[in-house]
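[1] sequence first, then the predicted structure, then my questions.
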Amino acid sequence: MDTQTFLTTEELASRIKYDQRTIRERLKDSVLLEGTHYIRPFGGRKILYLWEAIERDMFKHSSGSELMIPMANGGICHG
């Protein structure tokens, strides 16, 4: 298994310069997906974010190569 960097919400917020509340309420489950960008170790309540997957997808979606329309609920429509 590849080496992963696991981050708490606080650590992720510091790295991407977003408020923790924004991550929890607007990004989690709309942009950051369970199993891809974060896990719940041992089926618990604690969430650990996978830095490499988040970093990869941030750059992929900011390339501007495809049409993306932001939605009011925080999601993205791929037009």
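    Cool, the structure landed.
[2] for the chain, what spans make up the helices?
    Read by DSSP state H, the chain holds these helices, from start to end of the chain: 9-16, 20-22, 51-61.
[3] identify the bridge partners of the residue sitting nearest the centre point of the chain.
    Computing the C-alpha centroid of the chain and ranking residues by C-alpha atoms, centre = their mean puts Leu32 first, at 3.2 Å. Beta-bridge pairing of Leu32 under DSSP bridges involves Lys28.
[4] what's the neighbour count on Pro41?
    For Pro41, the count of nearby residues is 10 (other C-beta atoms under 10 Å). All C-beta spots, glycine's among them, are computed from the backbone N, C-alpha and C.
[5] which residues does it contact?
    Under the criterion of C-beta atoms under 8 Å, 6 or more residues apart in numbering, the contact partners of Pro41 comprise Leu48.
[6] just to revisit the earlier point, thought the residue nearest to the centre of the chain was touching Glu55?
    No - judged on C-beta atoms under 8 Å, Leu32 makes no contact with Glu55 at a distance of 11.9 Å.
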